[in-house]
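Chemist: Build the 3D model from these lines:
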Amino acid sequence: SHDEVVHLKCSMVNKMPGYQWDKYDQGITGRVEVVDVEWFHHPNVTYLSGSLALPQMLYITNSVWSGMSTIVVGNNYSVGIVEMADSIVTNHFRAGGASGDNYQGTRGAVYQKGGVFRAPTSTVTLGGSFGTGHGFYLNDGGIFSVEKEVYLGGYGYGAMYFNGGKSSFSQKITLARNYSTTKTAGAGVYWQKGGATNTLSTVAMGDAAVTNGYALVAIEEAGTKCDLAGNTLYHVARCPFTGILAVNAGAVFRAKEVRRYNKTATPVTGADFLISVDGGVLQPSSTTAWSSGVYLPDAVTVHAGGMTLNTEASGSFTWKMPLTSPTGKIVRAVALPSDAAFETEHQGLYIAPPLVRIHGTGKGAAAVALFDKNTRRVTGIKVVAPGTGYDENTTATISTAEGNRLAPLSCAVTLADAPETGAGFTKTGPGSYSFDVANTYHGPTAVEEGSLIVNNAAGLPEGSSLRVAEGATIDLKNHPFTVPELSGA
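Modeler: Numbering: from 1, shown residues only. Next up is the predicted model:
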């Protein structure tokens, strides 16, 4: 078994007896199903799918699966799927191409429904460390634990979606990882919602000399918490590269620092690091500052849902980032491709959600594709960051069912005027927070707990009402402010 699987790189399905095409259900699908059993295997590498451009599938249901190997899901222009339901699984995996895999049609997907999935002693790669494939992981209400690094997108596209459940990452997650200065980086997307509570280590947007790459971290919905604890989310600003953090609708993002990695040089043109908040909560675990000087992101845009900042511990926290309102046009919606070829040539063939990119003169807009793994169809596109400053020439694209082997498909974009009202800024938590720069967010300013210190004469936006709850304080530092309404204790 070891010699066949490892040294000849023969896939699990290929290894089975019988004629080749008989094992693929008339040339369409090869399946391995593990149901109500305990399974242990010991080759160094298990190739679920190898050199054939055909789907090969592994289903693990209500079972205990333990492997001392790495499962390669989709390799060398093939397609692989692992789906686990209500099982206990211990295994490493690479989806969408192993390191060095340059086959652009390579695709791999891993779906987890409930149960426990542990990847203990090897890196998890989605989209190839250096390869061009597409790799995807979905956690739908399960427990997921990774003890080594995670790479989303080499020259390809890697994505992780979390809908409920609980996940933990002991080491760094890198979105759009690329060590070559001669190739364009890929894309990495991390989307967490549905009350998922995830504990992360460091999150890196880009790596080394990435060029023209893209990284999105989106946290949404009340009860959802992305907790980096004493660790950092940082953007590598050495080349043109877009990194977006979006926190929406009651979700909580907690970290020690949010900053650029570049310590001295002025950021390169096009090296955009943008934060979008639309009803979300930013929670610094530090009692000093998230970033300052050349470490600062480019912008923090507070949309109509407002922003809450929770200083969780006693101490003085400062962050010299203007909290700005969007201007011009924002992206309201992105439609699926309308041409007939999308329906006939791609729908029904997606094993993972495609990459969505928004292009235009504005900045900060981002969206994710909604996906039904059972029908293999893209069911819609959700805007997770509306952006700011867009115009009528704004366009969007999604990747095809065959990944980046084919040119992306065009999508129509609906724009809207940036709103002139909003839910404003809310300060919670026992510590203090300082407005050291001018702010332009729309809506009221509320101090529910702790203290808000307004060191800048334009720290409170013009027209913002002010509410200070019992036990909380605001220090205006003798700056004159005119507020339309003052309330609270």
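Chemist: So which bits of stretch 153-170 are buried?
Modeler: By 16 or more other Cβ atoms under 10 Å, the buried positions in stretch 153-170 come out as 153-169. The C-beta positions use only the backbone N, C-alpha and C, and glycine is treated the same way.
Chemist: same thing with stretch 479-489?
Modeler: By neighbour count on 16+ other Cβ under 10 Å, the buried set for stretch 479-489 is Phe481.
Chemist: what's the offset of that stretch from the middle of its chain?
Modeler: Relative to its chain's centre, stretch 479-489 lies at 39 Å (Cα atoms, centre = their mean, to the nearest Å).
Chemist: Looking at that stretch now, give me its mean pLDDT.
Modeler: Per-residue pLDDT values over stretch 479-489 give a mean of 86.
Chemist: Just the C-alphas of that stretch, formatted as CSV.
Modeler: This file holds the C-alpha atoms of stretch 479-489, laid out as CSV (Å, rounded to 0.1, in the frame of the first residue of the first chain):
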residue,chain,number,x,y,z
HIS,A,479,-12.3,71.5,23.3
PRO,A,480,-15.5,73.3,22.3
PHE,A,481,-18.1,71.0,20.7
THR,A,482,-21.6,71.7,19.6
VAL,A,483,-23.8,68.7,19.8
PRO,A,484,-27.5,68.5,18.8
GLU,A,485,-28.4,66.3,21.7
LEU,A,486,-26.8,65.4,25.0
SER,A,487,-28.2,62.6,27.1
GLY,A,488,-27.5,60.0,29.7
ALA,A,489,-26.3,60.2,33.3
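Chemist: Mean confidence (pLDDT) on stretch 425-442, please.
Modeler: Rounded mean pLDDT across stretch 425-442 is 95.
Chemist: end-to-end on it?
Modeler: Counting by Cα to Cα, to the nearest Å, you get 8 Å between the two ends of stretch 425-442.
Chemist: before we move on, what about stretch 70-87?
Modeler: 18 Å.
Chemist: Going by neighbour count, which residues of it are buried?
Modeler: For stretch 70-87, burial by neighbour count (16+ other Cβ under 10 Å) applies to 70-85, 87.
Chemist: cool, and stretch 384-404?
Modeler: Neighbour-count burial for stretch 384-404 flags 384-390, 394, 396-404 (criterion: 16+ other Cβ under 10 Å).
Chemist: Which secondary structure element is home to Phe342?
Modeler: Here Phe342, judged by DSSP states H and E, is contained in helix 340-345.
Chemist: and after that helix, which helix or strand comes next?
Modeler: Criterion used, DSSP H and E; the element after helix 340-345 is strand 356-359.
Chemist: who does that following strand touch, helix- and strand-wise?
Modeler: Applying 3 or more Cβ pairs under 8 Å, 6 or more residues apart in numbering; DSSP states H and E, we find strand 356-359 packed against strand 329-334, strand 363-372, strand 395-398.
Chemist: Make TSV from those and add distance to Val64 and mean pLDDT to it.
Modeler: What follows is those, written out as TSV (distance: least, Cβ to Cβ, whole Å; pLDDT from 0 to 100):
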stretch	distance to Val64	mean pLDDT
strand 329-334	42	98
strand 363-372	28	97
strand 395-398	38	96
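Chemist: Most tightly packed of those strands?
Modeler: Each of these was scored by mean neighbour count; the highest is strand 363-372, a mean of 23, by mean count of other Cβ atoms under 10 Å.
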